[in-house]
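> Give me coordinates for this.
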Amino acid sequence: MGNLLVPFKKFLSNKNTITILGVLIGLVVLYLGYSWRVTQSIQPTSVPFCNTTLIGRTKITADDIGYAELPKDTVSSMTNIVTQPNDIIGKVVSYDAKIAKNSFFYNELLMDEEDIPNSIFSNIQDGYTVYALEVNNTKAMGNSIMPDQMIDLYLESEAEEDDSKLIYGRFIASIQVLAVRDSKGNNVFADKDNPTEAKYLLFAVPEEIFLLLKKAEKLGINIEPIGRNTSYTANPKATRLTSDELRAHIINQTHILANECTDLTIC
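Purely as a prediction, here's the structure:
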C-alpha cells in the first residue's frame, strides 16, 4: 500500500503541480464567487408601481398599487424609490405633485396625511387678509401665472374730471400668488399635464391693500395681474402700493368709515 502512495506523494511534492493546483483552485473559487454575485444581482425583486394616475392630495390605497419584477441591481441603482408597500399605503401624494400611471413611487412625492396643509390660509402672516382676484384665461396669461410667483397688479380706470382720459398704471408691486383656483375652487395645477382654466388668483395682503382692492373691484375699476421674470420671484421685495395717485382715485370715490381700523394686529 505504501508503494502505491509513492507516485502520489511525488506528484504533490512537485512545485509545478502545486502551482497548477493552486491556480485551478483559485479559478474555481473565482468562478463560484462570480456566479453567486451574478445570481444575486439578477435575482428578481418585487417593486410596487402606481397602476393609475394620482394627483396631489390623493390618499394612496392598496388598490392603487401594482407590482413589477426587476433585477435587484436595477432597483439598487434607482435613487429614492420606495420598495415596500407598507411605506406607500396610507400616504398622500404631495401637494401640487402627480404620480403618473405605471410609474414608481418616490419618497419626494409622498407625504404623511397630517403633514398636508388643510388650507392655503395656514401660514398667512398676522394682520394679512386673503384677496381673490377674478380672472379669465387672458388675464391669467394662459395659466402662466403660478402659485408662489411674485407679480404686480395694475389698475385701469377713467379720470374723474375727464371721462375720455384713461388712467392706467402699476398699483401694487411684488405681490405673491398664494394659489390659482378654477371655477369650482380647485387647484388649477393639481394635474399638471391637464390644468383647468384659472378663475381666481389668491393673494395675502395687509388690510389696507385688501380694502383698496375690494373698493376698486366694486367701483368697476379693472385690476390686471402682470407677470414678471424669474429673478423678480427669486429676489422678492415687500408688497407695497406704488402710486398715491391711484390710491387717491379709489378713495375719492368711496365713503371713509369713521374710526376704521386697517391694522388687524391691534383691532
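> Only C-alpha atoms from now on, for both contacts and neighbour counts.
Noted.
> Summarise which helices and strands the helix or strand in which Val130 is found is packed against.
Per DSSP states H and E, Val130 falls inside strand 128-134. Applying 3 or more C-alpha pairs under 8 Å, 6 or more residues apart in numbering; DSSP states H and E, we find strand 128-134 packed against strand 200-206, helix 207-218.
> rerun that using 10 Å as the cut-off
Strand 128-134 is packed against strand 166-181, strand 200-206, helix 207-218, strand 222-227, with contacts defined by 3 or more C-alpha pairs under 10 Å, 6 or more residues apart in numbering; DSSP states H and E.
> Sheet partners, orientation included, of that strand?
strand 200-206 (antiparallel) (DSSP bridges).
> could you dump the partner strand to PDB, C-alpha only?
Backbone C-alpha positions of strand 200-206 (Å, rounded to 0.1, in the frame of the first residue of the first chain) are rendered in PDB as follows:
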ATOM      1  CA  TYR A 200     -59.300  83.200  -9.300                       C
ATOM      2  CA  LEU A 201     -55.800  84.300  -8.200                       C
ATOM      3  CA  LEU A 202     -55.400  84.400  -4.400                       C
ATOM      4  CA  PHE A 203     -53.100  86.800  -2.500                       C
ATOM      5  CA  ALA A 204     -52.400  87.600   1.100                       C
ATOM      6  CA  VAL A 205     -52.200  91.300   1.700                       C
ATOM      7  CA  PRO A 206     -52.300  93.900   4.500                       C
END
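> That one to helix 207-218, inter-axis angle?
Relative orientation of strand 200-206 versus helix 207-218 (axes from the mean of the first three to the mean of the last three C-alpha atoms, to 10 degrees): 140 degrees.
> avg pLDDT for strand 200-206?
Averaging pLDDT along strand 200-206 yields 92.
> Over to stretch 71-91?
Here the average pLDDT along stretch 71-91 is 85.
> buried set for it?
Buried residues in stretch 71-91, counted by 16 or more other C-alpha atoms under 10 Å: Pro71, Lys72, Val75, Ile81, Val82, Thr83, Pro85, Ile88, Gly90, Lys91.
> could you pull out the helices for the protein?
With DSSP state H as the criterion, the chain has helices at 2-13, 15-42, 72-76, 207-218, 230-234, 244-251.
> comparing those helices, which gets the lowest mean pLDDT score?
helix 2-13 (a mean of 54).
> quick one: low-confidence parts of the stretch 51-200 of the chain?
96, 114, 116-120, 122, 162-163 (pLDDT under 70).
> one more time with 80, if that's ok
By pLDDT under 80, the weakly predicted segments of the stretch 51-200 of the chain are 56-57, 72-79, 95-97, 113-123, 160-164, 186, 190-193.
> which residues in it form strands?
Assigned by DSSP state E, counting those that start in this stretch, the strands in the stretch 51-200 of the chain fall at 54-55, 65-71, 92-93, 98-99, 110-111, 128-134, 150-158, 166-181, 200-206.
> Dump the buried residues of stretch 71-91 into CSV; add distance to Ala198 as well.
Formatted as CSV, the buried residues of stretch 71-91 follow (distance: C-alpha to C-alpha, whole Å):
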residue, distance to Ala198
Pro71, 45
Lys72, 45
Val75, 40
Ile81, 34
Val82, 34
Thr83, 37
Pro85, 36
Ile88, 32
Gly90, 31
Lys91, 28
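> out of those, who's nearest Glu260?
Lys91 (46.7 Å; C-alpha to C-alpha).
> Next up, the contacts around that closest one.
Lys91 is in contact with Arg57, Thr58, Lys59, Ile60, Thr61, Leu109, Leu110, Met111, Asp112, Glu113, Glu114, counting by C-alpha atoms under 10 Å, 6 or more residues apart in numbering.
> Leaving out chain neighbours, which residue sits closest to it?
Closest residue in space to Lys91, ignoring its immediate chain neighbours: Asp112 at 5.2 Å, by C-alpha to C-alpha, 6 or more residues apart in numbering.
> Number of residues surrounding that neighbour?
When counting by other C-alpha atoms under 10 Å, one arrives at 13 neighbours for Asp112.
> Number the residues from 52 up from this point.
Sure thing, new numbering starts at 52, so read that last one as Asp163.
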